[in-house]
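Peer 1: I need the structure of the sequence given here:
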Amino acid sequence: MPKVLIGSEEKEFDAVIYVDVTGDDTTGDGSRKKPFRHIDKAYSVLPNTGKACIYALSKGDYELRNGIQGGLKSSIELTYAVHPLHLGKVNFHLYKISHNDRIKMVFLNEFIGIIFKAMSSLLNQYYERFESNVTLNLRFSNCVFDDQSYVASFPIVILNPNQNTIINCFEFVNCVFKQKSSWNDNPNVDKFINCAFHSSTITTQPYNLLGATYDYHNRITTGEWKNKGTGENLDGSPAHIGVYGGKYAWEFDANAQISFEDDIFTIPRDTEYPINFKVNPPTSNLPAAGSTIMTSTTVGNGKIFSATLDKTEWNVVFSLEVI
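Peer 2: The predicted structure is shown next:
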């Protein structure tokens, strides 16, 4: 069974379908080496049973042409996830609501580490809307609902939830909600755990932060909550609030080592700088990200690269091509 890295752990699925902004829906087959370009294409080849994952290999913009509901499956356990190097850099653009608003979800569908951006016409309403008679098994973990500049909206609603509606799971865990809201939640329907809201009235559920502000990287900047919030899990243990906390925290541990996977280096933000690392055989193509300055010295058959980094940088990622 294939495995993929989600957060800091490997997870096993019956099927993993890969998407990439450089992928191709015609020549691709959904494998890691030949990913699809669009989520809709990946969705079309999902199995009918078991556990499956649609996995974004690269940062950038993807589309859910039929909205969140257009990406849900009723007959399988489905996970949408992002390579850890690209947490906070993968956007799902939503183009529709109520595509399948009475779906019967037998198994859990989960979105992990995604930034949702809705078309402006949708934000007069919601990101998604379900109707009565729906069966929900739906969780959002470490996701951002991002459209702060538009009019008031509520993330996801169920109309007439008391009419033959079955809620097995409808959770938002360590999420950030940047939009204003004119709605209040129904705690008997949805559950918010360690979430941060721009709105100051959206929920009365505990273990959440209201009236939050954020920086460019969705770190909380509200007073004592700057960078990483402190909250409490439902079992009383300490927990961070927002996307930098929880099981799928966007940031690697500050003590993590420089990691190398599939020709990509990642360096945790709190690493002591400058750093040196050696690549063998030598390479002439090691582009730097952001304000990073790279220099290299050839030593024998290898090159030693020295990096001087801005400590406020996001995850610093180097793309490596060995030639």
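Peer 1: just for the stretch 151-300 of the chain, where's the confidence low?
Peer 2: Applying pLDDT under 70 to the stretch 151-300 of the chain flags residues 151-154, 181-188, 223-230, 233, 251-300.
Peer 1: apply 80 and report the result again.
Peer 2: The model of the stretch 151-300 of the chain has pLDDT under 80 over residues 151-163, 179-189, 223-239, 251-300.
Peer 1: which residues of it fall in strands?
Peer 2: Listed in chain order, the strands of the stretch 151-300 of the chain (DSSP state E, counting those that start in this stretch) span 154-158, 166-173, 176-177, 191-193, 196-197, 231-232, 238-239, 259-261, 264-267, 275-279, 293-299.
Peer 1: tell me the buried residues in the second one?
Peer 2: By neighbour count on 16 or more other Cβ atoms under 10 Å, the buried set for strand 166-173 is Ile167, Phe170, Glu171, Phe172, Val173. Using the backbone N, CA and C atoms, a C-beta is placed for each residue, glycine as well.
Peer 1: could you check the angle that strand makes with strand 154-158?
Peer 2: Strand 166-173 runs at 170 degrees relative to strand 154-158, counting by axes from the mean of the first three to the mean of the last three Cα atoms, to 10 degrees.
Peer 1: restrict strand 166-173 to CA atoms and write it as CSV.
Peer 2: The C-alpha atoms that make up strand 166-173 are tabulated as CSV, following Å, rounded to 0.1, in the frame of the first residue of the first chain:
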residue,chain,number,x,y,z
ILE,A,166,-27.0,12.8,10.4
ILE,A,167,-23.8,14.4,11.7
ASN,A,168,-21.2,11.7,12.4
CYS,A,169,-18.3,14.3,12.1
PHE,A,170,-18.3,17.9,11.2
GLU,A,171,-15.2,19.4,12.6
PHE,A,172,-12.7,22.3,12.1
VAL,A,173,-9.5,21.6,13.9
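Peer 1: so in that sheet, which strands flank it, and in what orientation?
Peer 2: Partners of strand 166-173 in the sheet, by DSSP bridges, are strand 135-141 (parallel), strand 191-193 (parallel).
Peer 1: most packed of those?
Peer 2: Neighbour counts (mean count of other Cβ atoms under 10 Å) averaged over each of those peak at strand 135-141, with a mean of 22.
Peer 1: could you pull up the mean pLDDT of it?
Peer 2: For strand 135-141, mean pLDDT rounds to 92.
Peer 1: and if you look at stretch 113-128?
Peer 2: The model assigns stretch 113-128 a mean pLDDT of 74.
Peer 1: and that stretch, end to end?
Peer 2: 18 Å (Cα to Cα, to the nearest Å).
Peer 1: surely Ser132 touches Gln163?
Peer 2: Yes - using Cβ atoms under 8 Å, Ser132 makes contact with Gln163 at a distance of 3.5 Å.
Peer 1: those two: who's more crowded?
Peer 2: Ser132 (14 against 11; other Cβ atoms under 10 Å).
Peer 1: and what about the more buried one, helix, strand or coil?
Peer 2: coil (DSSP: H, G, I helix; E, B strand; the rest coil).
Peer 1: OK, contacts around it?
Peer 2: Ser132 makes contacts with Arg102, Ile158, Leu159, Asn160, Pro161, Asn162, Gln163, Asn164, Thr165, as judged by Cβ atoms under 8 Å, 6 or more residues apart in numbering.
Peer 1: can you list those in a markdown table and add distance to Phe13?
Peer 2: A markdown table is the format used below for the contacts of Ser132 (distance: Cβ to Cβ, whole Å):
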| residue | distance to Phe13 |
| --- | --- |
| Arg102 | 27 |
| Ile158 | 28 |
| Leu159 | 33 |
| Asn160 | 35 |
| Pro161 | 31 |
| Asn162 | 35 |
| Gln163 | 35 |
| Asn164 | 32 |
| Thr165 | 29 |
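Peer 1: farthest pair within those?
Peer 2: For the contacts of Ser132, with distances taken as Cβ to Cβ, the pair at the greatest spread is Arg102 and Asn162 (14.8 Å).
Peer 1: give me the more crowded residue out of these two.
Peer 2: Legend: neighbour count by other Cβ under 10 Å for Arg102 and Asn162, higher for Arg102 (14 against 10).
Peer 1: that one touches Arg129, doesn't it?
Peer 2: No - counting by Cβ under 8 Å, Arg102 does not reach Arg129; the two are 11.2 Å apart.
Peer 1: what's stretch 101-110 in contact with?
Peer 2: Here stretch 101-110 makes contact (Cβ under 8 Å, 6+ apart) with 69, 71-80, 129-141, 168-169.
Peer 1: now do 7 Å
Peer 2: 69, 72-79, 129-131, 133-139, 141, 169 (Cβ atoms under 7 Å, 6 or more residues apart in numbering).
Peer 1: got it, and stretch 90-98?
Peer 2: With contact meaning Cβ under 7 Å, 6+ apart, stretch 90-98 is reached by 56, 59-70, 82, 114-119, 122, 125-129.
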